[in-house]
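Trainee: Here is my input, please return the structure:
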Amino acid sequence: MLKSSKKKVILITGNLGYIGVELSKYIKKADKNLFLIGFDTGFFLKDSIQKKKIQNKYIDYQIYSDLRDLKHIELKKFNIDTIIHLAAISNDPMGNFFTKPTRQINTIYTKKFINWAIKNSVKRFVFASSCSVYGFSSKVCNENSRTNPLTEYARSKLEIEKHLKKKVNKNFKAVSLRFSTACGASKMLRLDLVLNDFVASAISTKEIKLLSDGNALRPLIDVYDMCQTLIWASKLKLKHFLCLNTGNDNMNYKIVELAYLVKKFLPFSKISINHKNFDNRSYKVGFSKLKRLYKDYNKMKNIKYSVKNLIKILKTYEFKDKNFRKSNLMRLMSLRSQIKKKKLSKNLRILNDQRYYNY
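Mentor: Next comes the predicted model:
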């Protein structure tokens with residue numbers, strides 16, 4: 001697939017992750033006349049809920065690599081039109097535990113990757129950012145609200161947004177989607193997300209355990225809608241740079257409200273709350289800008305859809321692990337396990353060139 005090809009070429013980084021495997025499917029179904037390149041370390045390929053190799057039938061060309069090794073990969077032979085950038089150390093616990101590699105991958109080398117994209121005539125960069133940039137706020141946050149990132153992960157998202165805003169020009173456009181907290185079913189299911197954790201815990205232990213008093217506010221978004229808005233952003237007419245809160249006004253919840261909603265579907269479960277612990281990450285987000293621009297805003301999935309699909313996938317694969325918080329379905333646990341087995345360094349580098357993610 002060289003520069004002479006007439007097919008539009010899209011590069012998806014992090015294509016083998018929780019969102020990426022679903023995005024690859026939906027984007028190819030939306031337009032079969034695309035050439036999809038996948039770029040992923042493959043760290044979590046063996047962590048599928050299905051306990052088998054994830055099929056990459058929607059990806060035309062797969063690259064197993066690290067953003068920090070960008071100079072070593074030969075992407076110049078592809079005439080890449082659009083990059084959808086999902087690759088990152090992708091939540092607060094991982095970012096807090098692996099501060100240095102998070103800074104490297106999410107910020108330093110993502111900036112270099114953006115510069116590389118501009119140099120190689122990529123026309124559009126779609127960035128998966130996060131509403132966590134708001135940190136703590138008692139007001140409804142819109143795109144012009146004060147940002148207050150409280151973690152390395154959140155700070156990295158804001159830094160990349162600022163970098164993109166400075167780099168856009170008439171030939172290079174960018175969209176930053178500030179996603180709500182992800183939830184819902186995926187072939188590469190993660191259980192280190194609040195709603196996913198609650199459903200898994202209710203099924204396996206008959207208990208929904210809150211680690212805080214549950215009063216923190218969070219906006220949520222199902223994986224399905226994350227994929228659909230990413231696809232939409234990859235085609236949206238742009239002037240230069242666009243930043244969008246991405247979610248739905250009906251999906252703002254207190255953590256404790258989520259627990260009781262899950263209990264409605266799994267009534268045999270009890271709820272335990274840690275009233276002594278306060279979560280300083282709390283924000284309610286407004287999505288009026290997305291509502292104006294995104295024609296399918298009113299079709300976005302509600303929390304009941306996410307809970308039902310989580311229950312379905314967990315029961316389909318006979319999920320019963322009472323100790324799942326120590327399992328490889330928790331991304332931090334997976335990385336720590338791989339370090340212990342000497343497959344990864346503490347800086348999240350593959351040791352001895354072990355391509356252990358290949359089956």
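
Trainee: Show the low-confidence segments of this structure, by residue range.
Mentor: Along the chain, segments meeting pLDDT under 70 span 1-5, 52-55, 71-74, 278, 352-359.

Trainee: now the helices: where do they sit in it?
Mentor: Assigned by DSSP state H, the chain shows helices spanning 20-30, 92-97, 99-102, 109-119, 152-167, 194-205, 223-233, 255-265, 288-293, 303-316, 331-340.

Trainee: I'd like those laid out as a markdown table, including mean neighbour count.
Mentor: (Each C-beta comes from the backbone N, C-alpha and C, glycine too.) Formatted as a markdown table, those follow (neighbours: other Cβ atoms under 10 Å):
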| stretch | mean neighbour count |
| --- | --- |
| helix 20-30 | 20 |
| helix 92-97 | 18 |
| helix 99-102 | 18 |
| helix 109-119 | 18 |
| helix 152-167 | 20 |
| helix 194-205 | 23 |
| helix 223-233 | 23 |
| helix 255-265 | 18 |
| helix 288-293 | 14 |
| helix 303-316 | 18 |
| helix 331-340 | 18 |
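
Trainee: Same list, these, but as JSON lines with distance to residue 211 please.
Mentor: Listed next are these as JSON lines, based on distance: least, Cβ to Cβ, whole Å:
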{"stretch": "helix 20-30", "distance to residue 211": "27"}
{"stretch": "helix 92-97", "distance to residue 211": "11"}
{"stretch": "helix 99-102", "distance to residue 211": "21"}
{"stretch": "helix 109-119", "distance to residue 211": "30"}
{"stretch": "helix 152-167", "distance to residue 211": "18"}
{"stretch": "helix 194-205", "distance to residue 211": "9"}
{"stretch": "helix 223-233", "distance to residue 211": "23"}
{"stretch": "helix 255-265", "distance to residue 211": "9"}
{"stretch": "helix 288-293", "distance to residue 211": "30"}
{"stretch": "helix 303-316", "distance to residue 211": "19"}
{"stretch": "helix 331-340", "distance to residue 211": "14"}
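
Trainee: Tell me which of those lies nearest to residue 245.
Mentor: For these, proximity to residue 245 was assessed by Cβ to Cβ; helix 288-293 is nearest, at 6.2 Å.

Trainee: Any idea how far that closest one is from the middle of the chain?
Mentor: 21 Å (Cα atoms, centre = their mean, to the nearest Å).

Trainee: Then stretch 249-263?
Mentor: A distance of 20 Å separates the centroid of the chain from that of stretch 249-263, by Cα atoms, centre = their mean.

Trainee: now do the same end-to-end measure for stretch 259-271.
Mentor: 7 Å (Cα to Cα, to the nearest Å).

Trainee: Just checking the distance from that stretch to the centre of its chain.
Mentor: Offset of stretch 259-271 from its chain centre (Cα atoms, centre = their mean): 26 Å.

Trainee: quick one: contacts of it?
Mentor: 195, 198-199, 201-203, 206-208, 210, 214, 253, 273, 303-304, 307-308, 311 (Cβ atoms under 8 Å, 6 or more residues apart in numbering).

Trainee: can I assume residue 283 is in contact with residue 141?
Mentor: Yes: if you go by Cβ atoms under 8 Å, residue 283 and residue 141 touch, sitting 5.5 Å apart.

Trainee: Could you tell me which residues touch both of the two?
Mentor: 131, 134.

Trainee: show me the contacts for the nearest residue to residue 277 once chain neighbours are set aside.
Mentor: Nearest residue to residue 277, sequence neighbours excluded (Cβ to Cβ, 6 or more residues apart in numbering): residue 212, at 4.4 Å. Contacts for residue 212 (Cβ under 8 Å, 6+ apart) come out as 255, 274, 277-279.

Trainee: returning to that earlier point: which one of the helices of the chain lies closest to residue 67?
Mentor: Closest to residue 67 of the helices of the chain is helix 109-119 (Cβ to Cβ; 4.4 Å).

Trainee: which secondary structure elements does that closest one contact?
Mentor: strand 80-85, helix 152-167 (3 or more Cβ pairs under 8 Å, 6 or more residues apart in numbering; DSSP states H and E).

Trainee: ok so, going back, are any of the contacts of residue 212 buried, and if so which?
Mentor: Among the contacts of residue 212, those that count as buried by neighbour count (16 or more other Cβ atoms under 10 Å) are 255, 279.

Trainee: got CSV for the contacts of residue 212, with distance to residue 105 too?
Mentor: As requested, those are exported to CSV (distance: Cβ to Cβ, whole Å):
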residue, distance to residue 105
255, 28
274, 32
277, 29
278, 30
279, 26
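
Trainee: Nearest to residue 287, out of the contacts of residue 212: which one, please.
Mentor: residue 255 (19.5 Å).

Trainee: what's near enough to touch the closest residue to that closest one other than its chain neighbours?
Mentor: Nearest-residue entry for residue 255: residue 214, 4.4 Å, with adjacent residues in sequence omitted and distances by Cβ to Cβ, 6+ apart. Residues near residue 214 by Cβ under 8 Å, 6+ apart: 254-257, 259, 273.

Trainee: can you tell me which of the residues you listed lies nearest to residue 10?
Mentor: Closest to residue 10, out of all of the contacts of residue 214 and judged by Cβ to Cβ, is residue 255, at 35.5 Å.

Trainee: I am finished for the moment; much appreciated.
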